[in-house]
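Student: can't give you the sequence, but here's the structure:
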């Protein structure tokens, strides 16, 4: 992969983490998580091997599902409370759905079955990024 493209993707990983950590608005937090996910997909698929392609596809499907659950949870919370503030998580279905989505994003049990398969399809550096840096924003 071109070093310029790799540096841009790494900067997008850092930017997504910063946006997510600094946001008080549900939509901005979701944007940061999506930026982080979309920046890691080309890094996962940089080796033209079927296992790398499978790992990138599995990672994308799981992360997209978890992101849609986060967005749905924030919409339910905003509908009940009238605000998009992250600290106003008061209605009951929203925190439960958010907890499930974050467990999927982090690879926590019982939603962890995708993580070993994705780690096996990547190289060591990419597996290290997935195991450490990708766990910071959620």
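Tutor: Cool, the structure landed. Not measured: the values here are computed from a predicted model.
Student: And for the nearest residue to residue 107 once chain neighbours are set aside, the neighbour number?
Tutor: Closest residue in space to residue 107, ignoring its immediate chain neighbours: residue 115 at 3.7 Å, by C-beta to C-beta, 6 or more residues apart in numbering. All C-beta spots, glycine's among them, are computed from the backbone N, C-alpha and C. For residue 115, the neighbour count with other C-beta atoms under 10 Å is 19.
Student: Got the phi and psi for residue 115?
Tutor: Torsion angles at residue 115 (phi, psi; degrees, to the nearest 10) stand at phi -70, psi -50.
Student: So it is in contact with residue 105, correct?
Tutor: No: contact criterion C-beta atoms under 8 Å: residue 115 and residue 105 do not qualify, at 10.5 Å.
Student: any low-confidence regions in the protein?
Tutor: Low-confidence segments of the chain (pLDDT under 70): none present.
Student: how far out from the middle of the chain is the helix or strand where residue 5 lies?
Tutor: Element membership for residue 5, per DSSP states H and E: helix 3-22. Taking C-alpha atoms, centre = their mean, to the nearest Å, the mean C-alpha location of helix 3-22 is offset from the chain mean by 13 Å.
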